[in-house]
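> I would like the atomic coordinates for the input below:
(2 chains)
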There are 2 protein chains.
Amino acid sequence: MRKEINVFQFCKETNLLLRDEGVFLVSKGSGKPNIMTIGWGFLGTFWRRPVFIVAVRHSRYTYELLEASSSFTVCLPGRGMEKALEVCGTKSGREIDKFKELGLTPSNSYKVEAPFIEECPVHYECEIIYKHGLEAEGIPREVVDEIYPSGNLHTLYYGEVKGVYAVEGAGEALKKWQT
Amino acid sequence: MRKEINVFQFCKETNLLLRDEGVFLVSKGSGKPNIMTIGWGFLGTFWRRPVFIVAVRHSRYTYELLEASSSFTVCLPGRGMEKALEVCGTKSGREIDKFKELGLTPSNSYKVEAPFIEECPVHYECEIIYKHGLEAEGIPREVVDEIYPSGNLHTLYYGEVKGVYAVEGAGEALKKWQT
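Below is the predicted model of the structure:
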């Protein structure tokens, strides 16, 4: 049973997971849904709305899907999803169906078209309201060397958070993950 | 006595303050420092770095200062700073010296050039590593009508968080603020 929660309730846990373990970005485009592991992103307020910003490189299959989408979900991993994080960060949805391969279940979201991962304790449902392709000339030299040695820049997708949902005991699940 | 803390320690409190009360954005440019109240922003991870994104409209004095700056600080208000939040959100630094007017103290930051407000219990020190001027054509019609009826778009400044500092008892101070 999943309940809607306050948008910033797990803000700290989300940021720590993002940075330290990765979280799942689920997109659908016009075809089958796909999962990608992301380690960068932002949660905040913009235009009087709660917004989750995610960044996707142009080479990614998720980039193609998001370019054909109006929504995405961000799903927080629970205990035991380490392998899924690894697979979704290294394999491309062009080659495998990650839901099938990993035994994960795409569930219909409450408010957006992109599905969420049923096995995740918490997820954010986001409607894309703006996007911004990074401009190479504004990026510091040392960042180009470190992150973009061969181009392949990120586009940032601004997702208005339409709802955040958690299973019972999600707080505990996220806390345990971090110890 | 101010101590360095983990970047996401007060992530939730920062987001709630931003959305519900406002926080202080301090910039310096080449002249005197100035304070502006902001209600929109993002804390997250990007390019393997902790980053605070702030948004400033082009008409603002702070915009001029940030365009001539390499840093800013974000300072969280303590109890009793409601008037300062109001003044810094409505008066322009072109006309008054807000530090002087409000009896606030600009203190030298530990790691960046822009000062922080001594009276604030928590502050983020940020080095600008990227900026992005919003592009009108990508903004949804209803957002233009609501937020940009006469143009005056925002530029987003990405500040790498070089350090977050808190006075003793900051957690309590921020908690009380929210009750």
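
> So which elements touch the helix or strand bottoming out on mean pLDDT in chain A?
Within chain A, no helix or strand scores below helix A:170-177, which has a mean of 80 by mean pLDDT, DSSP states H and E. With contacts taken as 3 or more CB pairs under 8 Å, 6 or more residues apart in numbering or on different chains; DSSP states H and E, helix A:170-177 sits against helix A:11-20. All C-beta spots, glycine's among them, are computed from the backbone N, C-alpha and C.

> what's the helix it packs on in contact with?
Residues lying outside helix A:11-20 but in contact with it, judged by CB atoms under 8 Å, 6 or more residues apart in numbering or on different chains, are A:23, A:38-41, A:43, A:74, A:76-77, A:122, A:124, A:171, A:174-175, A:177-178, B:8-9, B:11-12, B:15, B:43-45, B:50.

> what angle do the next helix or strand after that helix and helix A:11-20 make?
Once helix A:11-20 ends, the next helix or strand along the chain (criterion: DSSP states H and E) is strand A:23-27. Following axes from the mean of the first three to the mean of the last three CA atoms, to 10 degrees, one obtains 90 degrees for the angle between strand A:23-27 and helix A:11-20.

> what about strand A:23-27 and chain B, touching?
No. Looking at strand A:23-27 against chain B by CB under 8 Å from any CB of the partner chain, there are no contacts, and the closest approach is 10.8 Å.

> What angle do strand A:23-27 and the next helix or strand after that strand make with each other?
The first helix or strand that comes after strand A:23-27 along the chain, using DSSP H and E, is strand A:34-38. Taking the same axes, to 10 degrees, one finds that strand A:34-38 is oriented at 150 degrees with respect to strand A:23-27.

> Now do strand A:34-38: distance to the chain's middle.
Relative to the chain's own centre, strand A:34-38 is displaced by 6 Å; criterion: CA atoms, centre = their mean, to the nearest Å.

> mind checking how far the closest residue to A:Val87 other than its chain neighbours is from chain B?
Counting by CB to CB, 6 or more residues apart in numbering or on different chains, A:Leu102 is the residue found nearest to A:Val87 once chain neighbours are left out, at 6.0 Å. Between A:Leu102 and chain B the distance is 24 Å, computed by CB to the nearest CB, to the nearest Å.
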